[in-house]
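# predicted model follows, preceded by the sequence.
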Amino acid sequence: TMCKVLIFGCVAAVILMSAAYGAPLNKIQKAARLEASISDLGLLKDIDNNFLDFYTPNDRQECNYTTLACFLKELEVLKQDLEEDKQRPVINIKKNLEDFMDPNFSNPTCKKCEANEKKKFPEFHQEMTRFLQSMQK
C-alpha cells in the first residue's frame, strides 16, 4: 500500500504543477478572470491622473495578444505612479490577465505598443475596458 500512496502523491503533484504552470485556461476560468479584471479596472476609474500619457491600442481582433501586452505594460506605468494603497487593482488585473498572454505570438501587422496614440488616463481606461469586454464575447 505504501506504493499506492506514493503513486497517488506523484499524480497529485503533477496535477498541481500543471495547474500552476500555465495550463491553458478553460472558458469558465477565462470568463471569471475577465470579469474580475473589468471590475478591478472599474476601481481605477476615478484615478486623478491627468499628467501621464498612456499608449492606447485600438487594434483589430487578430492583435489581441499585442493589445493586451500593451495595456498591461501601460498599467505598470500607472502602478509606479500610484500610492501603495491604490495599487491593488492594478496588481490583480495583471495577475488575472497574465495567463491570457502568448509569449510565442508574433504578427508583423500588429502595432508595437509605442506606435499607438498616447491618451490621457480616462480614455485609456475606457479603451481597455472596451477591449476586455470584447474578449468576453
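Happy to help now that I have it. None of the values given here were measured: they were computed from a predicted structure.
# center of the chain - which residue?
Leu97 (2.6 Å; CA atoms, centre = their mean).
# now do the contacts for that residue.
Listed by CB atoms under 8 Å, 6 or more residues apart in numbering, the contact set of Leu97 reads Arg33, Ser37, Leu68, Leu72. (Glycine included, C-beta is placed from N, CA and C.)
# isn't His125 up against Asp46?
No: between His125 and Asp46 there is no contact under CB atoms under 8 Å: 9.6 Å.
# neighbour-wise, which of those two wins?
Each of His125 and Asp46 has its neighbours counted (other CB atoms under 10 Å); His125 has more, 22 against 8.
# need the contact list for that one.
Going by CB under 8 Å, 6+ apart, His125 touches Leu41, Leu44, Lys45.
# swap in Met128?
By CB under 8 Å, 6+ apart, the contact set of Met128 is Leu41, Thr56, Phe71, Leu75.
# in helices, which of those fall?
Under the assignment DSSP state H, those contribute Leu41, Phe71, Leu75 to helices.
# neighbour-wise, which of the residues you listed leads?
The ones in helices among the contacts of Met128, ranked by neighbours (other CB under 10 Å): first place Phe71, 25 neighbours.
# stretch 103-123: how far from the chain's middle?
Distance of stretch 103-123 from the chain centroid (CA atoms, centre = their mean, to the nearest Å) equals 14 Å.
# still on that earlier bit, backbone dihedrals for the residue nearest to the centre of the chain, please?
phi -100, psi -10 (degrees, to the nearest 10).
# now it: how far from Asn58?
Applying CB to CB, to the nearest Å, the value for Leu97 to Asn58 is 18 Å.
# any idea how far Lys112 is from Asp85?
Using CB to CB, Asp85 is found at 33 Å from Lys112.
# which one of the two is surrounded by more residues?
Neighbour totals were compared for Asp85 and Lys112, and Lys112 leads with 10 against 6 (other CB under 10 Å).
# please name the nearest non-neighbouring residue to that one.
Computed as CB to CB, 6 or more residues apart in numbering, the closest residue to Lys112 that is not its neighbour in sequence is Thr66, at 7.8 Å.
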